[in-house]
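>>> Have a look; sequence and predicted model below, questions after that.
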Amino acid sequence: MTARLPDTLPITRGCPYAPPDEHRRLQQEAPISRVTLPSGMTVWALTRHEDIRTMLTDPRFSSDRRNPNFPLLLEGQRLNTDFVPSLIGMDPPEHGPARREVVGEFTVKRMAALRPRIQEIVDEHIDAMLAGPRPTDLVKALSLPVPSLVICELLGVPYDDHDFFQARSSLLLSRTASPEERKRAVDELREYLGELILAKERVPADDLLSRRLAKSDDHEELKSLAFLLLVAGHETTANMISLGTMTFLERPEDIRTIHEDPSRTLPAVEELLRYFTIAEIATSRVAVDDTEIGGVPIRAGEGVVALSNTANRDPETFDRPDELDLERGARNHLAFGFGAHQCLGQNLARMELQIVFDTLFRRIPGLRPAVPLDTLPFKDDANVYGIHEFPVTW
Amino acid sequence: MRIVANTDVCVGAGQCVLTDSAVFDQDDDGTVAVLIENPEGQRLDGAREAVTLCPSRALSLVED
């Protein structure tokens, strides 16, 4: 089964949102196989749901991005940065205590307490849409500013600086930026966050950065954490808002369903997460000990990429996997990853999406795409899938 | 069936609380707290789902 279908990853999505046919073929014919990444590295690709869950809970697979064998999609992606490893790059025994220091900020209860403020933010942005010109770009009017403002308030980052950090974080997620551009973006963000943390130390406020500073004076660790939360915290949810809105607009009966029974919105969000699986890149690992997955031996030093988008359409796990069924109610998807690194902000993302879909179609019942959906610019050039620009009118 | 939670490996993802907040809770640092140790009926079905969903495999159901 090894090396039977050598392939080059990533391959952009077809259709436009289904996993590439080549990945499907791997799943059917060689679910655990050697593939070559655009960086030139040869790694294992996992395509089955259960294999990926096994790998992501096996401590013999490391998240340490400093390991020279850690899978890199692109050449020059390993940045020569001064950031110390953030949560996503840590292994046991460091990872558990470090995650515990911050995960309390993201509990289901803490997120529920943020609900009124998030609702207010969503309403304000919809007010502005309604008062503004038509058509408008949903990405700029709603998808990006809502999660961006929410993570800024939670962290304590001034939202007025959003042009600065949004430009740099979207460059970091792009597959077309040069290593020099990426390096400059990281350095500038690091300097910005360093100054912000010094300012918080002088004048603490009611935010995550100030609360962390009250317990630890390790500015390096805090810079890495702030960088991770800021970059991961807005672009991902923004893309799901755009893709989810597009999907609902194609399915007016589903808009009616969640309008009549809002308890159906959360299961719908869950299915949209499965169906689009926008962030596949976060689930790469490197074996640090000899092991095996699904009967295939994997040696210490070999890299592994998990094709979660394909695995979230695994017919062994999901009935009618290619059908978008907003009442499916399956929560065992890998859109937030799996294992000890599963998305820290997942419950924030769920709530933001739920509030946006509940509010947007209620307040703008005539919302519709202003261009044919098949002409939308999808993010085939980015490491997190989404839509660059989505003109809508009403 | 009794729910056993390994708080040492819990990563506070909150999937269990999302499944049934009457059975599972999180303490201030996000760690799982079991509110109903021996769930029955629908609550037991929810607990089984939470065991499957738990990303760090911190939860299990054992026969007493």
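The structure has been received and is ready for your questions.
>>> all contacts plus neighbour counts: C-alpha atoms, from now on.
Noted.
>>> What average pLDDT does the helix or strand harbouring residue B:47 get?
Element membership of residue B:47, judged by DSSP states H and E, is helix B:42-53. For helix B:42-53, mean pLDDT rounds to 97.
>>> Contacts for the following helix or strand past that helix, please.
From helix B:42-53 onward toward the C-terminus, using DSSP H and E, the following helix or strand is strand B:59-62. The contact list for strand B:59-62, computed with CA atoms under 8 Å, 6 or more residues apart in numbering or on different chains, reads B:1, B:2, B:3, B:4, B:5, B:6, B:47, B:48, B:50, B:51.
>>> Buried subset of these as a PyMOL selection?
Filtering the contacts of strand B:59-62 down to the buried ones (16 or more other CA atoms under 10 Å in any protein chain shown) takes a single PyMOL command:
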select buried, chain B and resi 2+3+5+47+48+50+51
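>>> Export the contacts of strand B:59-62 to CSV and append columns for distance to chain A.
Shown next, in CSV, are the contacts of strand B:59-62 (distance: CA to the nearest CA, whole Å):
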residue, distance to chain A
B:1, 22
B:2, 22
B:3, 20
B:4, 18
B:5, 15
B:6, 13
B:47, 14
B:48, 12
B:50, 10
B:51, 11
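>>> Just the CA atoms of the helix holding residue B:47, as PDB, please.
C-alpha atoms of helix B:42-53 as PDB (Å, rounded to 0.1, in the frame of the first residue of the first chain):
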ATOM      1  CA  GLN B  42     -31.000   9.700  27.300                       C
ATOM      2  CA  ARG B  43     -28.400  11.100  29.600                       C
ATOM      3  CA  LEU B  44     -26.400   7.900  29.200                       C
ATOM      4  CA  ASP B  45     -26.700   8.100  25.400                       C
ATOM      5  CA  GLY B  46     -25.300  11.700  25.700                       C
ATOM      6  CA  ALA B  47     -22.500  10.500  27.900                       C
ATOM      7  CA  ARG B  48     -21.600   7.800  25.300                       C
ATOM      8  CA  GLU B  49     -21.500  10.500  22.600                       C
ATOM      9  CA  ALA B  50     -19.300  12.700  24.800                       C
ATOM     10  CA  VAL B  51     -16.900   9.700  25.300                       C
ATOM     11  CA  THR B  52     -16.600   9.400  21.500                       C
ATOM     12  CA  LEU B  53     -16.200  13.100  20.900                       C
END
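>>> got JSON lines for the contacts of strand B:59-62, with distance to residue B:23 too?
Formatted as JSON lines, the contacts of strand B:59-62 follow (distance: CA to CA, whole Å):
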{"residue": "B:1", "distance to residue B:23": "13"}
{"residue": "B:2", "distance to residue B:23": "12"}
{"residue": "B:3", "distance to residue B:23": "10"}
{"residue": "B:4", "distance to residue B:23": "12"}
{"residue": "B:5", "distance to residue B:23": "12"}
{"residue": "B:6", "distance to residue B:23": "15"}
{"residue": "B:47", "distance to residue B:23": "8"}
{"residue": "B:48", "distance to residue B:23": "11"}
{"residue": "B:50", "distance to residue B:23": "10"}
{"residue": "B:51", "distance to residue B:23": "12"}
